[in-house]
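Engineer: build me a structure from this.
(chains A, B, C, D and E, ligands or ions: 5)
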Amino acid sequence: MSEQSKGDLSLVALTKSFATFTAVHPLDLTIPQGSFFALLGPSGCGKTTTLRMIAGLEEPTGGRIRIGETDITDTKAYQRNVNTVFQSYALFPHMTVVDNVMFGLRRRGDKDAKAKANEVLELVQLGQVANKKPTQLSGGMQQRVALARALVNRPDVLLLDEPLGALDLKLRRQMQIELKRIQQEVGLTFIHVTHDQEEAMTMADSIAVMNAGRMEQLGDPATLYEQPRSTFVANFLGQSNLLRARVNPGGTDDMVTVRAHDVDLEVSREHLPDGVGDVWLGVRPEKLRLGESGGPNHLRGIVRDVSFSGVATQYSVEMPWGQELIVIQQNDGSNRATLGEAVTVSWAAQHGFALDASQDAEAGAELVDDHG
Amino acid sequence: MSEQSKGDLSLVALTKSFATFTAVHPLDLTIPQGSFFALLGPSGCGKTTTLRMIAGLEEPTGGRIRIGETDITDTKAYQRNVNTVFQSYALFPHMTVVDNVMFGLRRRGDKDAKAKANEVLELVQLGQVANKKPTQLSGGMQQRVALARALVNRPDVLLLDEPLGALDLKLRRQMQIELKRIQQEVGLTFIHVTHDQEEAMTMADSIAVMNAGRMEQLGDPATLYEQPRSTFVANFLGQSNLLRARVNPGGTDDMVTVRAHDVDLEVSREHLPDGVGDVWLGVRPEKLRLGESGGPNHLRGIVRDVSFSGVATQYSVEMPWGQELIVIQQNDGSNRATLGEAVTVSWAAQHGFALDASQDAEAGAELVDDHG
Amino acid sequence: MAETAVLSTGSAAPPSRRRRNWVPYALLLPGILWLIVFFVLPMVTLASQSLQEGNVDDGYVFTANFSIYVDALKQYWPQFVRSFVYAGIATGLALLLAYPLAYFIAQKAGRHKNLVLVLVIAPFFTSFLIRTLAWRTILSDDWFITTWAQNLHITDFLQAVGLTDNDSLLNSQFAVIMGLTYNFLPFMILPLYTSLERLDPRLIEAAGDLYASPWQTFRKVTWPLSLPGVVAGTLLTFIPAAGDFINARLLGNTQTTMIGSVIDAQFLRVLDYPLAAALSFILLILIVAMVSVYVRRAGTEELL
Amino acid sequence: GSAGKNASTGGASGGVASRTAAAAQDMSDTEKVVNWSNWTEYIDTSEDGKSRPTLDAFQKQTGIKVNYTEDYLDNDEFYAKVRPLLEGGKDTGRDVWCSTDWMVSRLIRQGYVQKLDLANIPNAKNLDDSLKNVEFDPGRQYSLPWQSGFAGIGYNLKATGGKKIESITQLLTDPALKGKVTLLTEMRDTVGLVMMEQGKDISKFTDADFQAAIDMLQQAKDSGQILRFTGNEYTEGLAKGDIAACVAWTGDVVQLQFDNKDIQYALPEKGFTLWSDNFVIPALAKHKKNAEKLIDYYYDPAVMAQVAAWVNYIAPVKGTEEELVKIDPELGKNPLIVPTDEVLARAQVFRGLSTAEETKYNKLFSALTTA
Amino acid sequence: MSWIKRHLITFAAIAVLIYMLVPNVIVAVFSFNDPAGKYNYTFNEFSTEAWTNPCGAQGICESLGLSLQVGVIASLAATALGTMIAFALGRYRFRGRSATNLLIFMPMATPEVVMGSSLLTLFLMLGVPSGRTAILIAHIMFCVSFVVVAVKARVATLDPKLEEAAADLGANPTQTFLRVTLPLAAPGIAAGALLAFSLSFDDYIITNFNASPSSITFPMYVWGASARGVPVQVYVIGTIMFLLALIVVMTGQLISSRRNRQVA
Ligand SMILES: Nc1ncnc2c1ncn2[C@@H]1O[C@H](COP(=O)(O)OP(=O)(O)OP(=O)(O)O)[C@@H](O)[C@H]1O
Ligand SMILES: Nc1ncnc2c1ncn2[C@@H]1O[C@H](COP(=O)(O)OP(=O)(O)OP(=O)(O)O)[C@@H](O)[C@H]1O
Ligand SMILES: NCCCCNCCCN
Ligand SMILES: [Mg+2]
Ligand SMILES: [Mg+2]
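Structural biologist: Ligands and ions are numbered 1, 2, ... in the order given. Next comes the predicted model:
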């Protein structure tokens, strides 16, 4: 197999159509070498297909794939310096853990296969189970074997297709930390596919949100979260309260007021798209305060649901026009509300964002039921 | 089958031993009729075994089970008015959805089986797939079929053994809301087994935490979370920062000071167990404030990790003695810290709790790796 | 051989794969060619042989003598009927016997599973002729089984229902059906086992949880879910049993002659090849017809 | 000894061989073996049943090993087994076997058997005069008799409940025997016995006679009287008692008596068949000369007497009777080995059949036996 | 009483197992008989003679040898042919799939007499001599389908992701097949081979149609012997084969389960 020159991974107008269906519309994307990149999106949006094209397991209908200067579009899967950690792990059940890990090195005739494999197994803290069969390991351990098996080859790009999808919550959180640690240690380019938004935000340097075969938004987690550019991103990445509003003429350089349900609300001008009159005014639940301390924007409503979850409590506050706003209040001793109480909800102007009202307010928030 | 008188479910010294192993030590518990009760604990602690005894699928080694006044210990599974929603759903693959749902009614010769089944299917929003086979449904839909199949029988007690365990995060959160709504609508006694702590806290009226076949603590979610009575509960239910401390003599009626790593810290007297000198002083991450605004207790350290997750940001703050404290800060515009920054961490006296130092500080926080 | 997915039914078509499409044909070629030359071609030859006239000494000529089919059926219909009746009863009995054993192996045997499975399969290696001969010893008049059966009036009963002709057990319809049942039992057990092993025990618990008594659980859950195994097992038992003649020869009498025996004798003793070929062909056609009706009714369309 | 009647007028159409059997390269000198297929219960054995004295002696005498196989159970079956090989010009793996007259006739006609080299069989001169010239093999060019004998009734007292079975009618109708009677697949014996029972002469019967016999058999079969049609394998069942009574070759029955006193035979009053089985050497036999030496050996009256004393069939070799008496004077009085005139008077020989007749009768009979 | 009720299935299963094994017990018992005459049907006297000399009956070991030889060759050939077909069916979509499935099913749905006799008819017409080659051809033919079914069941459950993983890790198609696909399909292939061997070894009807007098397989020998008195050696060999099957399969199981438990 040829040693390819390392470098950034670039996808140029990469496209994939199946018989009747285009899974990935022309996609342009550059992922810097050594970064932790997350691909996020609802089920069926084309994440796996994109990854499989990068791995060489699926032939693109159009476009090119490059690593640094080298075009690998026509290189066979087994000749690419790209490895994958599959959601189902796809460990070879007939081989021991260490044989699994050595598999790739052996194929390339690496003399040091054994030593390197053991080293990587230490890295993922599995030295002691090197001679077991994968089926004898727990899910978390198998997950780490799959990771080791890919890592050991020091690929130019490591693809992770929902590697944590099958783990339960607690283990999943632990593995996220592990994975991030390992990536920082080895410094490879990771492309991580997940549809756990929190996971993407905690781990990645940058995130691309995909929807129906197209990229909706690309950026670092905080920007994406705080300034979504579409209702889809606003709803898909965390929760959003979206209020139908009309931009009032005037306003200051920094600030604009919008009128929502007969209330005037302030929003930073920089968070308002140019040239639109009807907007969705968005605000994240954790930006809302019960009481008036949150900022100049006030709304009054009735608490319809209180849900304690340890770290925080989530409230549903019903507005006079029937909409329920979600408010998240950290359980840090700040004021609480009770069911049925009439409360004021407030937030600061810079915490709001406005989106073109021509979009569907529910985009990205549907019951993701067809995933099973 | 006999109509049993409804009432509270009581377990009296209920015990289960397998050949070499006692899975459930004598367990006493009363679950009020109509309540949503959660059974929480690490893998292998005996949750499923307890449920199976209630369902009649496992014969207790000792003790009694009562519903209201009726002792059902020796009643056969198929004669008990108790139904289970299994983690794997255990839907009959050869029957349509509606046939699955009618199964229990049919066995009891209910003439209205069809109508009742359709009604319950509407309740779980599956009316439109009544005539499909379970394999044609997504995971979330299957889950709701399993629920409907149990609900339709209006059992005295509905047992849910990790019904959401197999769902992915987003769907899981949606199903939690559904489940809670349905329980409130039908008003049956639900016993819900899970090892997702947040799930238990959001949903249940009261929670029992089990550990190694014994009940560690029983109470409503907030009490359990705010005032854990053991390090196991403190760690298992959410995260805790535990500081080794010694109780200083004296103090006021309300307040005691403890000395931890050469710093005096205040804690409410009511949160201190009687008659102990060495304690673990615990404080939840969300109770810690960056800066001095949190309360009288101050500690200084260096930020070692910052992890953004949308709603909140989690910091790791290293103390001079090496321990890392976890701080969770809601992203509500309050002050943030950067990696490497020296910060003060503060909290109020009433947010601390003290636990007997003879316990293991790591109990309940181990890598739950053997679960796979 | 615990790997007895061997005789199972039902499996979905594989995912379509993007590969050079000569590969599957290359893989198929040798085996399929073999089957065409040594299975399909013989069937064609057989069909043509059945329409010839002549004799061994003077040779045969093709005369499209279809009347031979009519004659063959006219003369040997009792043997056909008998074969299917015996095979049917034996299949039913085998199902009755195999089910509890297969269920036991699949769901209850635990760590003895492999041992029991091996015990089911190992007799294959003792030629079935030897074992059938052993039945002759077991059922012979001077053995205690017959004596017991006589003392318990079982022989009287068997005679009354016409399964035996006298107060012996051997050389009777009873013995033939018993032998058929015995010999083809493993072919029933293995596919049943495979489908029962796949049966999730939690479904049985779920049925109990939903008020189904053990019998209702069996009828409504276990049985329907084991149907693919039942279909496969009954076919693998019925088909060879209907064509068998060893059991009838070794354990039966002139009243129990099965069609296989006639075919064998016509081919290998009487040397009336056209008649023998016609009988073979009729047997094949009848079986294929019955199987396709059965499979369609049982609702297991793709058998493999 | 003399068989009295010519038991060997079997093949009506016999006489000229239509084809000549191919000879193979004779390996006799290099391979000291001869492969002999024969009927069961047809040779002398030691008391313990584990060795065969005359064969052992032959091997000692000549150094030729005899592979003696008792796989000749029935003429038709044996014929069907070897025919494809003979027809295809292949070696049958056998150097010699013993076929019944009518079968010999067919084998000669089809060119499946070779001419004997009488130079290798000097003892052939001992052949009983009455058997020297037979219709199916004039001048005995292809065959030499091994034994002659009768088909009669054999029965097991234990299984008949002490009852004697003496006539074919009794055999076919006695309810005490229901389901425990076997008949021979050998058409000439089974049908012959029945025709005689019906008062016919089997040396000149008609189609109607034959059909009448078949009808009687069919009736017996339909009533469940008949357990099975068998070749020579009836002996085990008879010994065991699974078969109460059967049509049997009498010598077999006498041999079974050595081990089991309940075994009896009867020669039906109305008549019984007489036949003979003959050595033939098939085409392409690899050890023809050794086979001829074997035949020669058995045509020594002293050797033949040993066989006859054991098998209880009629020996075709002159001087056997004298040798028999030397072994045991009683044997000379055995009506099976040395039949009296009274016995011989009742014995009949099945007439030769034309090919067409044979096909017709075979079809009728096989419809009975195979279904 | 309720104890009996609860274990009803176990009792029924044991009873059926006994029914299945009784003949083998009888065979084993009679292998130690020293029969009174030439027929081995009543137990006369205990003797190990036949065990010390299992080839003591003329032709028995030749026939056993032939059966083993045919069984091995036929099962190997059928396994090779059947495995290829199974892979084609289990891994590819192609035109003629259902026709192929039908062709595989038909031999299993054809009674043995029909198969044996039709093959004989063909051989008669083509002038192919009966004998060893004819037997082999026949055995391979009727074993192929069973191998296909056994292997396909396994191949169908193989996760195609594993092959992708191999390619992803740099294994070319040949390496992928040899190192991943084949070893994973091995249990199915072994099961198919074992099934083929036992079917071949046990076959009488089809064999009898295509055998010549110089190619007597073991079942044919037994059939012949049943007409003239079964020698005790037949019982000995029957018992040996039974035990052999037990031992082979059990050790196979043991090895694989030990390998799986290794370092547990
Ligand atoms: N081989 C194929 N033939 C036809 N359509 C396909 C094929 N593979 C994938 N698709 C379709 O392409 C779309 C994208 O699929 P893909 O697997 O990339 O989604 P994904 O984003 O990974 O979803 P998930 O989160 O469920 O894994 C889906 O609608 C899917 O049905
Ligand atoms: N049939 C059995 N025989 C022996 N031990 C058993 C049996 N069933 C359960 N156990 C043991 O009893 C203990 C409790 O099991 P249980 O299934 O109740 O745990 P759990 O709390 O439901 O765990 P999880 O969260 O993993 O489902 C475990 O250690 C388990 O190994
Ligand atoms: N056991 C030897 C019997 C020989 C019988 N020969 C058959 C002659 C048929 N007519
Ligand atoms: Mg995907
Ligand atoms: Mg559990």
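
Engineer: now do the contacts for E:Cys55.
Structural biologist: E:61, E:233 (CB atoms under 8 Å, 6 or more residues apart in numbering or on different chains). All C-beta atoms are positioned from the backbone trio N, CA, C, and that covers glycine.

Engineer: what's the answer for the one 4 residues further on, then?
Structural biologist: With contacts defined as CB under 8 Å, 6+ apart, the neighbours of E:Gly59 are D:69, E:216, E:221.

Engineer: and which of the residues you listed is nearest to E:Ile85?
Structural biologist: The closest of these to E:Ile85 turns out to be E:Ile216 (CB to CB; 31.6 Å).

Engineer: neighbours of the closest one, just the number please.
Structural biologist: Using other CB atoms under 10 Å in any protein chain shown, E:Ile216 has 24 neighbouring residues.

Engineer: quick one: end-to-end distance for stretch C:125-145.
Structural biologist: 26 Å (CA to CA, to the nearest Å).

Engineer: quick check: closest non-adjacent residue to C:Tyr186.
Structural biologist: One correction, residue C:186 is Pro, not Tyr. Distance criterion CB to CB, 6 or more residues apart in numbering or on different chains; nearest residue to C:Pro186, sequence neighbours excluded, is C:Val120 at 5.5 Å.

Engineer: helices - which of the contacts of E:Gly59 land there?
Structural biologist: Cross-referencing the contacts of E:Gly59 against helices under DSSP state H gives E:Tyr221.

Engineer: with distance to ligand 3 and pLDDT added, can I get the contacts of E:Gly59 in CSV?
Structural biologist: Below are the contacts of E:Gly59 laid out as CSV (distance: CB to the nearest ligand atom, whole Å; pLDDT from 0 to 100):
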residue, distance to ligand 3, pLDDT
D:Thr69, 14, 87
E:Ile216, 21, 89
E:Tyr221, 20, 92
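
Engineer: nearest to chain C, of the contacts of E:Gly59?
Structural biologist: Relative to chain C, the closest of these is E:Tyr221; by CB to the nearest CB it sits at 9.1 Å.

Engineer: and E:Ser226, what pLDDT?
Structural biologist: Predicted confidence (pLDDT) for E:Ser226: 85.

Engineer: any idea how far it lies from ligand 2?
Structural biologist: As judged by CB to the nearest ligand atom, to the nearest Å, E:Ser226 and ligand 2 stand 51 Å apart.

Engineer: now the one helix or strand that residue maps to, how far from the centre of its chain.
Structural biologist: In the assignment (DSSP states H and E), E:Ser226 maps to helix E:218-228. The chain centre lies 20 Å from the centre of helix E:218-228; the measure is CA atoms, centre = their mean, to the nearest Å.

Engineer: how far off helix E:218-228 does the very next helix or strand once past that helix point, in degrees?
Structural biologist: Next along the chain after helix E:218-228, taking DSSP H and E as the criterion, comes helix E:232-261. Helix E:232-261 and helix E:218-228 are oriented at 150 degrees to each other (axes from the mean of the first three to the mean of the last three CA atoms, to 10 degrees).

Engineer: and helix E:232-261, does that touch chain D?
Structural biologist: No: residues of helix E:232-261 contacting chain D under CB under 8 Å from any CB of the partner chain: none, with a closest distance of 11.4 Å.

Engineer: picking up where we left off before, which element is the residue nearest to C:Pro186 on?
Structural biologist: Counting by DSSP H and E, C:Val120 is found in helix C:113-121.

Engineer: average pLDDT for that helix?
Structural biologist: For helix C:113-121, the per-residue pLDDT averages 87.

Engineer: so the residue nearest to C:Thr132 when sequence neighbours are not counted: helix, strand or coil?
Structural biologist: Of all residues not flanking C:Thr132 in the chain, C:Leu250 sits nearest, at 5.1 Å (CB to CB, 6+ apart). Secondary structure, DSSP: H, G, I helix; E, B strand; the rest coil: C:Leu250 is helix.

Engineer: for the stretch 251-371 of chain D, which segments count as strands?
Structural biologist: Using DSSP state E, counting those that start in this stretch, the strands of the stretch 251-371 of chain D run over D:263-266, D:272-282, D:347-348.

Engineer: quick one: the residue in the stretch 201-350 of chain A that ligand 3 sits nearest to from A:Ile54, how far?
Structural biologist: Using CB to the nearest ligand atom, the closest approach of the stretch 201-350 of chain A to ligand 3 is made by A:Gly213 at 88.0 Å. From A:Gly213 across to A:Ile54, the span is 16 Å (CB to CB, to the nearest Å).

Engineer: D:Asp215: neighbour count?
Structural biologist: For D:Asp215, using other CB under 10 Å, the count is 13.

Engineer: ends of stretch D:326-337, what's the gap?
Structural biologist: 14 Å.

Engineer: follow-up on the earlier one: of the contacts of E:Gly59, which is the nearest to chain B?
Structural biologist: E:Tyr221 (48.5 Å).
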